[in-house]
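Asks: this is the structure alone, sequence omitted:
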């Protein structure tokens, strides 16, 4: 297709394009449109698909036929125009027809919102301070306890046993506000692990010391930000009956325990030292990640851009789709989530607005750095990324290459590689103290 395109104007993030297609391309599109219409219309005396072109033109009308032809060719014309002008739209274009006549060039104009121009500030030599947390003996104790929990057995305590922190109490409960029971505030034979912070703040703590077989009242205050507006900030009283108390019987921490749990340690002292090393490594990595995030935040803050609202809306839609997928893994639908939290899609998007805007800005700045530094995605880089996917799914590199062989899929991989290289560049050149 023979297309000529040029940018007529740019005002902020709004670009107007002029697009011209050859008369011969219009004729080809007309022929395709006529062939399609001939299969769809029912004209007495003619079989479907065998209606002469002149009859179709008389039947449909030249103006309608030209519109059909334009629909046939417009996407190719617009795509060619984008390639020629190297602009990157972020929304659907508004296209106007300037000239659409047989035997003449097709002339169109398109107004479209595009990615903003980014004026980079300093992105090399960014200085940040890395704050590394030093694990304590209490942290090591907590790790040991988690190991104990993994192989602990649950025992049923006799009636009259008092609840301790960490126990699971089987309870009946009913909540009241101003003496009136409220919807959703009642449960029977509910297994509540005290200290899990599953219930309203202050509820579980008041169960400590209550014995199985006893009844008690728990007084709490709903958080001001509670998802139910009817209960937010309200004082409530729960009537609670404790049926049973279950306790985790933790194994003793001795050398036999250590040998059962770890192949690289024989004694408790060795275990604690190994855990210390591992916690230090995690703390160091976490501190590095936080510092590198600060570097990227500063790079973005140093740049200037005007982000179109549609880009943030698109990012929010993408984030919501990702969130919906996560919920499905947990056996929840998005609609059910909103019911449980007494919220809506609009509420969710409003809470995620700043996060979405930050993500869009980060992408735009990294793309600008890729362009400024002429960062390329080499074949070895693509192979490395595909190999990671292959390892995750137990496939060979060639199988992954065969799966992601289309040009669009390869461009996706190239984009990711370039963005990762841009992040590596700013981190390599940062001064992390």
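Replies: The structure has been received and is ready for your questions. Just so you know, these numbers come straight off a predicted model, no measurement behind them.

Asks: surely residue 87 meets residue 114?
Replies: Yes. Between residue 87 and residue 114 there is a contact under C-beta atoms under 8 Å: 5.0 Å. C-beta coordinates here come from the backbone N, C-alpha and C atoms, glycine included.

Asks: between those two, point out the one with more neighbours.
Replies: Neighbour count, other C-beta atoms under 10 Å: between residue 87 and residue 114, residue 114 has more, with 22 against 16.

Asks: got the phi and psi for that one?
Replies: Per-residue torsions, residue 114: phi -120, psi 170 (degrees, to the nearest 10).

Asks: same deal with residue 237?
Replies: Here is the backbone geometry of residue 237 (degrees, to the nearest 10): phi -120, psi 130.

Asks: correct me, but it touches residue 216?
Replies: No. The criterion here is C-beta under 8 Å, and residue 237 misses it with residue 216 at 10.7 Å.

Asks: now do the shared contacts for residue 87 and residue 114.
Replies: By the contact definition C-beta atoms under 8 Å, 6 or more residues apart in numbering, residue 87 and residue 114 are jointly contacted by residue 15.

Asks: got the contact list for the residue nearest the centre of the chain?
Replies: Geometric centre of the chain, nearest residue: residue 319, 3.8 Å, by C-alpha atoms, centre = their mean. By C-beta under 8 Å, 6+ apart, the contact list for residue 319 reads 352, 355, 356, 359.

Asks: and the next helix or strand past the lowest-mean-pLDDT helix or strand in the chain?
Replies: Least confident helix or strand of the chain, by mean pLDDT, DSSP states H and E, is helix 53-60 with a mean of 68. Per DSSP states H and E, the first helix or strand lying C-terminal to helix 53-60 is helix 62-85.

Asks: what's that next one packed up against?
Replies: If you count contacts as 3 or more C-beta pairs under 8 Å, 6 or more residues apart in numbering; DSSP states H and E, helix 62-85 packs onto strand 3-11, strand 14-21, helix 23-40, helix 53-60, strand 94-99, strand 106-113.

Asks: which helices and strands does the first one pack with?
Replies: Going back to what we said before, that points to strand 3-11. Looks like strand 3-11 contacts strand 14-21, helix 62-85 (3+ C-beta pairs under 8 Å, 6+ apart).

Asks: okay, angle between the longest one and strand 94-99 too, please.
Replies: Angle of helix 62-85 versus strand 94-99, following axes from the mean of the first three to the mean of the last three C-alpha atoms, to 10 degrees, is 120 degrees.

Asks: residue 217: helix or strand, and which one exactly?
Replies: Short version: residue 217 belongs to strand 215-221, going by DSSP H and E.

Asks: for that strand, which strands pair with it and how are they oriented?
Replies: strand 235-249 (antiparallel) (DSSP bridges).
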